[in-house]
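S.K.: I would like the atomic coordinates for the input below:
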Amino acid sequence: MAAQTDIRTHKLAHGCMGLGGDWDTQPYTPRDIQHAETAIEAALDAGITAFDHADIYRYGKAEAVFGEVLARTPGLRERVVLQTKCGIRLPEGDRPGYYDLRGAGILRRVEESLTRLRTDVLDVLLLHRPDPLADPQDIAKALTSLHAQGLVRQFGVSNMSGPQIAALQAHVDVPLVVNQLEMSLARRDWVEAGVLVNTPAATGNGLAPGTLEHCTANGIRLQAWGALARGRLTSTDTPVGRLLTDLARRKDTTPETILLWWLQRHPAGITPVVGTTRPERIGACADAVRREPELTHEEWYELWIAARDAPLP
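M.R.: Residues are numbered from 1 along each chain as shown. Next up is the predicted model:
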């Protein structure tokens with residue numbers, strides 16, 4: 001069965017940053033390919049068909065091992081949605097890392113990603129980080145060209161605020177349909193921003209107010225990277241960890257699913273990105289695809305307050 005190519009329809013995505021071996025420029029190994037194949041199979045078994053990459057993950061090796069699996073598995077490309085990101089340049093020698101959203105660089109990075117992934121089209125391309133030196137008209141020209149050539153179907157951004165997205169969209173004819181942010185029960189500034197207005201704590205919040213509202217009003221799907229908080233909440237005996245375990249028992253599901261339901265329950269529309277490569281943890285997320293979030297209004301707040309370790313203002 002072919003995957004739904006509109007990324008906004010997907011309830012969950014698998015983050016591929018953990019594929020490809022070590023964070024270095026050494027070649028990937030057959031074991032790295034097997035590791036990727038196992039993770040991809042576990043994701044598909046859990047009902048996940050959207051896969052999130054970036055050109056920098058493992059110095060390109062994450063895309064490359066995924067491409068190896070696609071090449072070895074007839075029909076797999078038609079079953080999955082491929083999303084990748086560009087715009088970050090890793091350190092090289094004495095040169096520090098930097099951001100680069102120049103149009104020529106975007107075109108070059110997409111060509112390289114297509115080669116590594118062994119596909120002729122990307123379903124989604126995200127601009128990975130804001131580049132203060134970027135010319136939005138130059139970006140627009142590159143994105144329009146990629147779309148016209150049929151090399152990229154949909155576009156979005158990552159780690160951008162509502163005003164930044166609006167400023168870019170004013171120059172770009174193709175719609176920006178995704179904004180990927182770090183969002184989880186452990187990283188809550190995206191939701192805190194909406195309730196800390198007119199309180200002293202508002203100045204310390206890390207997300208520009210109105211970002212969620214801008215995305216919701218303009219049909220931009222929010223994706224949550226770091227959605228499982230790297231296991232910090234589900235693997236500890238803390239009040240929030242115990243609450244997750246209790247709710248999972250009562251709902252006949254897993255603590256991982258409860259964490260994802262907490263994100264999905266928000267009316268902004270959030271697609272969590274699950275970055276683990278462990279098959280058992282990927283499988284523990286399956287109910288976030290197969291079932292609608294079953295948290296009540298009160299349970300959602302109970303989790304939030306437990307994670308805050310403080311009452312609401």
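
S.K.: Going by neighbour count, which residues in the helix or strand of the chain with the lowest mean pLDDT are buried?
M.R.: Lowest on mean pLDDT, DSSP states H and E among the helices and strands of the chain sits helix 189-192, with a mean of 91. Buried residues in helix 189-192, counting neighbours by 16 or more other C-beta atoms under 10 Å, are found at D189, W190, V191, E192. Glycine gets a C-beta too; all of them are placed from N, C-alpha and C.

S.K.: got the residue ranges for the helices in this structure?
M.R.: 30-45, 61-72, 76-79, 103-117, 136-148, 162-169, 189-192, 211-217, 239-251, 255-264, 279-283, 287-290, 297-308 (DSSP state H).

S.K.: Just name the most buried of the ones you listed.
M.R.: helix 255-264 (a mean of 25; mean count of other C-beta atoms under 10 Å).

S.K.: gap between that one and the chain center?
M.R.: Centroid separation for helix 255-264 versus its chain: 15 Å, with C-alpha atoms, centre = their mean, to the nearest Å.

S.K.: who touches it?
M.R.: 11-12, 183-185, 224, 227-229, 233-234, 241, 244-245, 247-248, 251, 270, 272, 274, 281, 284-288, 291, 293-295, 300, 303-304 (C-beta atoms under 8 Å, 6 or more residues apart in numbering).

S.K.: For the residue nearest to Q169 when sequence neighbours are not counted, give me its contacts.
M.R.: Distances taken as C-beta to C-beta, 6 or more residues apart in numbering place L176 nearest to Q169, at 5.4 Å, with adjacent residues excluded. Taking C-beta under 8 Å, 6+ apart, we find L176 in contact with F155, G156, V157, I165, L168, Q169, I220.

S.K.: Which residue or residues pair with L176 through a beta bridge?
M.R.: Using DSSP bridges, the bridge partners assigned to L176 are F155.

S.K.: How about the one 4 residues further on?
M.R.: When bridges are assigned using DSSP bridges, the partners listed for Q180 are S158, Q223.

S.K.: which residues does it contact?
M.R.: D52, K85, L126, G156, V157, S158, N159, L222, Q223, A224, W225, V273 are the contacts of Q180 under C-beta under 8 Å, 6+ apart.

S.K.: what would those look like in JSON lines with distance to T211?
M.R.: Listed next are the contacts of Q180 as JSON lines, based on distance: C-beta to C-beta, whole Å:
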{"residue": "D52", "distance to T211": "20"}
{"residue": "K85", "distance to T211": "18"}
{"residue": "L126", "distance to T211": "15"}
{"residue": "G156", "distance to T211": "14"}
{"residue": "V157", "distance to T211": "11"}
{"residue": "S158", "distance to T211": "12"}
{"residue": "N159", "distance to T211": "11"}
{"residue": "L222", "distance to T211": "9"}
{"residue": "Q223", "distance to T211": "13"}
{"residue": "A224", "distance to T211": "13"}
{"residue": "W225", "distance to T211": "15"}
{"residue": "V273", "distance to T211": "17"}
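
S.K.: from those, which would you call buried?
M.R.: By 16+ other C-beta under 10 Å, the contacts of Q180 give D52, K85, L126, G156, V157, S158, N159, L222, Q223, A224, W225, V273 as buried.

S.K.: need the contact list for the closest residue to E299 other than its chain neighbours.
M.R.: Leaving aside its sequence neighbours, E299 sits nearest to L247 (C-beta to C-beta, 6+ apart; 6.4 Å). Under the criterion of C-beta under 8 Å, 6+ apart, the neighbours of L247 are P255, I258, L295, E299, L303.
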